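Enquirer: sequence plus the predicted model coming up.
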Amino acid sequence: MAERCGWVGADPLYEAYHDTEWGVPEYDSRALWEKLILDGFQAGLSWITILRKRKNFQKAFQGFDPDIIAGWGDAEVQVLLGDQGIVRHRGKIEAAIGNAQVWQEIEAEQGFDRYLWDHVGGKPLQNAWERLEDVPTETEISRAISRDLRKRGFKFCGPTIVYAFMQAVGMVNDHLVTCPCHGPVAQLGQKPRKSASV
């Protein structure tokens, strides 16, 4: 019987995330921004830590509406620093506000979804890794996205964070070929995009 990717472990929450979300192509600008922000909050932590706090994050950050968050200031930062349901890190909280402002600029220019997906030619890159140790932690594409985002003022978006994000939102299919999700995720990558920016 085929087994899930080895990083999943036996946590039911992690299993559900792997089976239903990880690697599934995401084309919604707001949802893409939310995931990139959460990946930034993960820096130095494990993804399961963020996953367990995700609902708290969504509530604290107003559904991750970048148009709301872009207008926040120190008062909102102080409230978030007192919220035990999220990762209370001033630098990451302040970065989320600044990153919302960068999102607004990119969204107005071309759409945040198009901006990201253009880096992979508009459709998921399909890999065929057989072993977990063969999967890279960053690539030239993730380095290019990271450089450009940082040039625009985005923070907590290093190439490793960006690659983890690319894997999660299906810009690249990094399910192992032995994983039962590899084939279905590859098929999803062949479907036409559903995006208002296209």
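Expert: Everything's here; your move.
Enquirer: just give the number of residues close to residue 176.
Expert: By other CB atoms under 10 Å, 22 other residues sit near residue 176. All C-beta atoms are positioned from the backbone trio N, CA, C, and that covers glycine.
Enquirer: residue 179 too?
Expert: 21.
Enquirer: what does residue 77 give?
Expert: 15.
Enquirer: just the one 5 residues further on next, same as before
Expert: Per other CB under 10 Å, the neighbour tally for residue 82 reads 8.
Enquirer: also the one 3 residues further on?
Expert: For residue 85, the number of neighbouring residues by other CB under 10 Å comes to 13.
Enquirer: nearest residue to it other than its sequence neighbours?
Expert: Distances taken as CB to CB, 6 or more residues apart in numbering place residue 56 nearest to residue 85, at 3.1 Å, with adjacent residues excluded.
Enquirer: do you know the pLDDT at that neighbour?
Expert: Looking at residue 56, its pLDDT stands at 98.
Enquirer: assign it to helix, strand or coil.
Expert: helix (DSSP: H, G, I helix; E, B strand; the rest coil).
Enquirer: so what's it up against?
Expert: Going by CB atoms under 8 Å, 6 or more residues apart in numbering, residue 56 touches 83, 85-86.
Enquirer: how many neighbours does residue 163 have?
Expert: 24.
Enquirer: isn't residue 65 right up against residue 30?
Expert: Yes - the pair residue 65 and residue 30 qualifies as a contact (CB atoms under 8 Å) at a distance of 7.0 Å.
Enquirer: quick one, helices of this protein?
Expert: Here the chain has its helices, by DSSP state H, at 12-20, 29-42, 47-60, 66-69, 74-81, 90-109, 112-117, 140-152, 159-168, 182-188.
Enquirer: is it possible to get a markdown table of those helices that adds distance to residue 129?
Expert: Shown next, in a markdown table, are the helices of the chain (distance: least, CB to CB, whole Å):
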| stretch | distance to residue 129 |
| --- | --- |
| helix 12-20 | 15 |
| helix 29-42 | 20 |
| helix 47-60 | 18 |
| helix 66-69 | 33 |
| helix 74-81 | 37 |
| helix 90-109 | 30 |
| helix 112-117 | 22 |
| helix 140-152 | 16 |
| helix 159-168 | 11 |
| helix 182-188 | 9 |
